[in-house]
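In: what shape does this take:
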Amino acid sequence: MLNRRLVLLHLGTALLLAGCASFQAAPPPPPAGTVKLTVLHTNDHHGRFWKNGDGEYGMAARKTLIDHVRREVAAQGGYTLLLDGGDINTGVPESDTQDAEPDFKGMKAIGYDAMAVGNHEFDKPLPVLRKQIAWAGFPVLSANIYKGGQRLFTPYTVLERGGLKIAVLGLTTDDTKKMVDPANVEGVEFRRPAAEAAALLPELKGQAHLVFAATHMGHYPDGQRGVNAPGDVEMAREVKGLDLIVGGHSQNPVCMLEQMGAAKRNEAYVPGTPCQPDRQNGTWIVQAHEWGKYVGRADFEYTGGELKLVKYALLPVNLMKTVKGADGKDTKQPYTERIAEDPAMLALLQPYQDKGRAALDAVVGESDGVLNGKREDVRSKPTNMGVFIATVMMHKAKADLAIMNSGGVRDSMPAGKLTYKDVLKVQPFGNMVSVVELKGSELTTYLEAAMKMSPGSGAFPQFAGVRIVAEGGKLVSASVRGAPIDPTRTYRLALNNFQANGGDGYPKLSTHPGYVNTGFVDADVMREYLSKNKVRVADFEPGDAVVRR
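Out: The predicted model follows:
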């Protein structure tokens with residue numbers, strides 16, 4: 001009898017717990033009638049708080065545009081939500097030298113509701129990121145970043161608009177660990193975003209009518225991601241139940257077209273033309289290119305538990321096109337009607353712009369031609385910019401050769417007078433020049449690893465001081481100072497501390513007994529070199545120094 005009572009007691013307890021779990025997972029009842037919800041979104045800001053030389057983008061014009069949409073939506077009885085896909089940091093010296101303070105404070109003034117943590121949020125140590133989150137004053141989210149077994153950031157937030165509850169989940173690419181200085185993420189774990197989303201979804205469904213994800217994972221059409229970690233398309237296919245993904249990281253305008261029955265992205269999207277977002281497994285996926293060039297606008301209607309996308313557009317922020325005039329000269333014209341800059345935002349940002357430019361506009365050197373640091377070139381083949389940067393490090397470290405990961409090359413340099421701003425646009429990360437003494441056998445092993453890095457990735461190597469022939473990713477021959485590498489001789493290899501710490505997936509050298517961090521910041525080393533040497537572009541042409549077959 002006692003055993004039977006215990007069984008019945010356990011059974012009753014189990015049913016009670018099951019009932020509680022079921023109750024907790026039940027979504028709230030839908031609001032009455034139809035709720036109109038407009039989601040505005042940006043991503044990959046990268047320090048562009050101020051307009052560029054052509055008057056494009058900038059946060060002052062962005063605020064005017066967003067405020068206009070908000071008024072329009074409110075007049076029609078609707079509600080707005082403003083989200084960002086992450087990567088506020090790194091890209092413009094005026095921002096970089098001030099820890100992106102104007103950018104985060106500008107976002108607060110615009111009225112962002114939440115953003116995802118991007119990989120570039122780790123370009124500086126964690127205390128700087130904590131300071132930036134305080135400046136923001138709105139939720140900075142990521143559910144898949146852990147330290148000591150605990151989430152490092154707020155995983156999600158629940159917002160309400162017109163009785164409609166929206167859970168916004170933050171997710172960050174699990175490629176982050178290899179893309180930032182390992183010293184900045186020591187002890188930090190980047191778990192698989194899709195697994196974290198799946199685990200949290202029942203909890204979110206129990207609190208909200210809709211589940212949105214603000215992600216920094218990338219959009220790869222049809223999930224064809226190459227060497228990258230899985231992105232938004234792959235996650236949407238794996239995790240059923242996300243209503244919308246506001247993405248970032250791949251820095252594309254996500255506008256889809258149909259070709260031969262397969263969904264493809266319009267890689268030649270023209271600002272101001274119609275845009276159709278991606279849809280995977282019932283989930284809408286949006287991304288607004290980069291730098292605040294666009295504000296994405298998704299107009300939804302929610303009725304009786306169903307979400308309907310009524311209209312979608314990418315709204316250009318003063319983007320310009322080149323038009324040839326009657327006189328044959330090129331002129332700049334806006335794609336769409338120009339947007340005035342918000343005076344209050346200008347007043348907020350102007351002191352930061354003035355402070356940043358004061359130090360950046362000083363001329364530091366001169367070049368007789370363009371040094372090519374275009375992303376599509378420097379990540380796929382040797383360029384004169386890659387050779388130049390490696391040469392500068394090699395000279396400073398008194399090394400025999402140097403290697404530079406192309407992901408650390410962020411821009412080209414023009415011909416003519418060069419300013420400190422030009423330098424920082426190329427090398428904005430503040431990495432340190434390092435040197436390591438390696439036996440020839442160790443150096444050969446390291447070069448073999450470098451030659452296996454995929455073209456198109458930030459790991460793709462640029463060299464100085466070495467001649468290499470590789471076939472199918474395998475090292476065929478390598479020589480330094482005109483002689484084949486001697487396995488028993490010691491060589492000095494210069495590289496930045498990011499790469500030495502194992503960044504971009506390179507073998508870790510910072511723990512090698514022959515490793516020294518010089519303490520010299522890469523951009524300052526380049527500035528010093530430019531102040532002493534007029535650049536002759538011909539001296540840095542890669543020629544056939546590195547041959548891939």
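In: for the closest residue in space to Cys255 that isn't next to it in sequence, which residues are in contact?
Out: Nearest residue to Cys255 in three dimensions, chain neighbours excluded: Cys275, at 3.9 Å (C-beta to C-beta, 6 or more residues apart in numbering). C-beta coordinates here come from the backbone N, C-alpha and C atoms, glycine included. The contact partners of Cys275, taken as C-beta atoms under 8 Å, 6 or more residues apart in numbering, are 253-255, 266, 269, 312-314.
In: next: Val254.
Out: Val254 neighbours (C-beta under 8 Å, 6+ apart): 219, 247, 265, 275, 277-278, 285-287.
In: got the residues you listed as CSV, with pLDDT columns?
Out: Shown next, in CSV, are those (pLDDT from 0 to 100):
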residue, pLDDT
His219, 95
Gly247, 98
Arg265, 93
Cys275, 96
Pro277, 96
Asp278, 96
Ile285, 98
Val286, 98
Gln287, 98
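In: just to revisit the earlier point, so the residue nearest to Cys255, which of the three states?
Out: coil (DSSP: H, G, I helix; E, B strand; the rest coil).
In: ok, it to Arg48 distance?
Out: For Cys275, the distance to Arg48 equals 21 Å [C-beta to C-beta, to the nearest Å].
In: go on, Gly226?
Out: According to C-beta to C-beta, Gly226 stands 27 Å off from Arg48.
In: the more surrounded of those two?
Out: Arg48 (24 against 8; other C-beta atoms under 10 Å).
In: which residues touch the closest residue to the more buried one other than its chain neighbours?
Out: Closest residue to Arg48 apart from its sequence neighbours, by C-beta to C-beta, 6+ apart: Trp291 at 4.3 Å. Shown in contact with Trp291 (C-beta under 8 Å, 6+ apart): 44-46, 48, 57, 91.
In: mind redoing it with 6 Å?
Out: Listed by C-beta atoms under 6 Å, 6 or more residues apart in numbering, the contact set of Trp291 reads 46, 48, 57.
In: which one of these is nearest to Val409?
Out: His46 (14.7 Å; C-beta to C-beta).
In: what helix or strand is that closest one located in?
Out: Following DSSP states H and E, one finds His46 outside all helices and strands.
In: okay but it is in contact with Ile88, surely?
Out: No: using C-beta atoms under 6 Å, His46 is not in contact with Ile88; the gap is 7.5 Å.
In: neighbour count: these two, which is higher?
Out: In this view His46 and Ile88 are compared by other C-beta under 10 Å, and Ile88 has more residues nearby, 28 against 23.
In: for the more buried one, give me its contacts.
Out: 45, 100, 103.
In: ok, now with 7 Å
Out: 45, 100, 103-104, 121 (C-beta atoms under 7 Å, 6 or more residues apart in numbering).
In: any low-confidence regions in this protein?
Out: Residue ranges of the chain with pLDDT under 70: 1-25, 227, 259-262.
In: can I see the domain layout of it?
Out: 34-353, 363-548 (automatic domain parsing).
In: the contacts of Ile88 in strands, which ones?
Out: Secondary structure from DSSP state E places none of those in strands.
In: possible to save the residues you listed as a markdown table with neighbour count and distance to Phe463?
Out: What follows is those, written out as a markdown table (neighbours: other C-beta atoms under 10 Å; distance: C-beta to C-beta, whole Å):
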| residue | neighbour count | distance to Phe463 |
| --- | --- | --- |
| His45 | 32 | 33 |
| Ala100 | 32 | 32 |
| Asp103 | 29 | 35 |
| Phe104 | 26 | 37 |
| Glu121 | 29 | 30 |
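In: how far off centre is the helix or strand encompassing Val168?
Out: If you go by DSSP H and E, Val168 is part of strand 164-172. In terms of C-alpha atoms, centre = their mean, to the nearest Å, the centre of strand 164-172 is found 19 Å from the chain centre.
In: buried set for it?
Out: By 16 or more other C-beta atoms under 10 Å, the buried positions in strand 164-172 come out as 164-172.
In: same thing with stretch 212-229?
Out: Buried residues in stretch 212-229, counted by 16+ other C-beta under 10 Å: 212-221, 223, 225, 228-229.
In: following the helix or strand encompassing Met394, which helix or strand comes up?
Out: Assigned by DSSP H and E, Met394 belongs to helix 384-396. Using DSSP H and E, the helix or strand that follows helix 384-396 towards the C-terminus is strand 401-405.
In: which residues touch the residue nearest to Val73 when sequence neighbours are not counted?
Out: In space, and not counting its chain neighbours, Val73 is closest to Thr38: 4.7 Å by C-beta to C-beta, 6+ apart. Thr38 is in contact with 69, 73, 78, 80, 297-299, counting by C-beta under 7 Å, 6+ apart.
In: of those, just the buried ones, PyMOL syntax please.
Out: Only the buried entries of the contacts of Thr38 go into this PyMOL selection, using 16+ other C-beta under 10 Å:
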select buried, resi 69+73+78+80+297+298+299
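In: now do the helices in the stretch 201-350 of the chain.
Out: Under the criterion DSSP state H, counting those that start in this stretch, the stretch 201-350 of the chain contains helices at 232-238, 343-360.
In: need those helices in CSV (columns: distance to Leu530).
Out: Listed next are the helices of the stretch 201-350 of the chain as CSV, based on distance: least, C-beta to C-beta, whole Å:
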stretch, distance to Leu530
helix 232-238, 41
helix 343-360, 14
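In: turn these into JSON lines, including distance to Glu189 and mean neighbour count.
Out: What follows is the helices of the stretch 201-350 of the chain, written out as JSON lines (distance: least, C-beta to C-beta, whole Å; neighbours: other C-beta atoms under 10 Å):
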{"stretch": "helix 232-238", "distance to Glu189": "18", "mean neighbour count": "23"}
{"stretch": "helix 343-360", "distance to Glu189": "34", "mean neighbour count": "16"}
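In: which stretch among these comes nearest Ala109?
Out: With C-beta to C-beta, the closest approach to Ala109 among those belongs to helix 343-360: 5.9 Å.
In: and the closest one, how far from the chain's centre?
Out: 24 Å.
In: for the closest residue to Pro507 other than its chain neighbours, give its distance to Asp175.
Out: Excluding the flanking residues, the one nearest Pro507 by C-beta to C-beta, 6+ apart is Ala449, at 5.3 Å. To Asp175, Ala449 is 18 Å away according to C-beta to C-beta.
In: name the helices or strands packed onto the helix holding Met394?
Out: strand 401-405, strand 461-464, helix 522-532 (3 or more C-beta pairs under 7 Å, 6 or more residues apart in numbering; DSSP states H and E).
In: got the angle for it vs strand 401-405?
Out: 130 degrees (axes from the mean of the first three to the mean of the last three C-alpha atoms, to 10 degrees).
In: what comes into contact with helix 384-396?
Out: 371-373, 378, 401-404, 406, 409, 412-413, 433, 462-465, 494, 520, 525-526, 529, 537, 540-542.
In: swap in stretch 447-466?
Out: By C-beta under 7 Å, 6+ apart, the list of residues contacting stretch 447-466 reads 179, 226-227, 378-380, 382, 386-387, 389-391, 394, 400-407, 468, 470, 473, 475, 478, 480, 504-507, 545-546.
In: give the buried residues for it.
Out: By neighbour count on 16+ other C-beta under 10 Å, the buried set for stretch 447-466 is 447-448, 450-451, 453, 457-466.
In: for these, which one is nearest Asp327?
Out: Using C-beta to C-beta, the buried residues of stretch 447-466 come closest to Asp327 at Gln462, 41.3 Å.
In: hey, what's the closest one bridged with?
Out: Met404 (DSSP bridges).
In: and what of Tyr79?
Out: Applying DSSP bridges, one finds that Tyr79 bridges with Leu37.
In: and the gap between it and Ala313?
Out: Going from Tyr79 to Ala313 by C-beta to C-beta gives 18 Å.
In: again, but for Val466
Out: On the measure of C-beta to C-beta, Val466 and Ala313 end up 50 Å apart.
In: just checking, Asp486 touches Gly440?
Out: Yes: Asp486 lies in contact with Gly440 (C-beta atoms under 7 Å); the separation is 4.7 Å.
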